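K.L.:
Model the following, please.
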Amino acid sequence: MKNKKNPYQQDKIVFFDGECVLCNSSVDFLLKKDRKKRLKFASLQSELASDMLQIIQNDPAGTETIIFYDEGRLLIKSTAVLHIAAHLGPPWRAFAVFLIIPRNWRDYLYDLIARKRAKWFGKREHCRVPDQETSGRIIG
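P.N.:
I've put the predicted structure just below:
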């Protein structure tokens, strides 16, 4: 994708840590709740993530946080989580109300969980591979 136009310009992509059990469980949840299939998913360890994040912005957060690419905008940490929830429809979109809380407060809680996630939930040895059901939605 280097030196090329971004083919995902109009997409909504959730970049997640493909080795994190909590992150993968969250992707499973989102795949189930996103009934309109608006969201796509890519591991932060994938070549696609590396290429796209280089095109858009110089690696805003590494593999330590969730990144939500929404039609050209990059959102990270708690802001990403709340915007993703807003795309799920009711009742999940109600969580967007927490955007009124100052970002540094929300991100403090996010960072606390992010630091402990491997200890609390474990890590996978390999990133997930799309199956027939998720083909086309897990893109990297």
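K.L.:
mind listing the strands for this protein?
P.N.:
Secondary structure of the chain by DSSP state E: the strands cover 12-16, 39-43, 67-70, 73-76.
K.L.:
can I get the ones you listed in TSV with mean neighbour count, distance to L88 and mean pLDDT?
P.N.:
Heads up, the C-betas are built off the backbone N, CA and C, glycines and all. Shown next, in TSV, are these (neighbours: other Cβ atoms under 10 Å; distance: least, Cβ to Cβ, whole Å; pLDDT from 0 to 100):
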stretch	mean neighbour count	distance to L88	mean pLDDT
strand 12-16	25	11	92
strand 39-43	23	8	92
strand 67-70	22	12	91
strand 73-76	16	15	88
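K.L.:
which one of the ones you listed lies closest to Y110?
P.N.:
The closest of the strands of the chain to Y110 is strand 73-76. By Cβ to Cβ, the value is 9.1 Å.
K.L.:
so where's the protein uncertain?
P.N.:
Within the chain, the stretches with pLDDT under 70 are 1-9, 55-64, 118, 121-135, 140.
K.L.:
Go again with 90.
P.N.:
Across the chain, the ranges flagged by pLDDT under 90 are 1-11, 17-25, 28, 35-36, 43-66, 70-74, 89-90, 110-140.
K.L.:
Spatially central residue in it, please.
P.N.:
In the chain, the C-alpha nearest the mean C-alpha coordinate belongs to V14, at 2.9 Å (Cα atoms, centre = their mean).
K.L.:
any idea how far Q54 is from it?
P.N.:
From V14 over to Q54 the distance is 18 Å, taken as Cβ to Cβ, to the nearest Å.
K.L.:
circling back to that earlier point, which residues does the residue nearest to the centre of the chain contact?
P.N.:
By Cβ atoms under 8 Å, 6 or more residues apart in numbering, the residues touching V14 are V27, L30, L39, K40, F41, A42, I66, I67, F68, Y69, A80, I84.
K.L.:
so which of those would you say is closest to I138?
P.N.:
F41 (4.8 Å).
K.L.:
How about the contacts made by the closest one?
P.N.:
So F41 contacts I13, V14, F15, F16, V27, L30, L31, T134, R137, I138, I139 (Cβ under 8 Å, 6+ apart).
K.L.:
cool, F16 as well?
P.N.:
F16 neighbours (Cβ under 8 Å, 6+ apart): C23, N24, S26, V27, F41, A42, S43, L44, I66.
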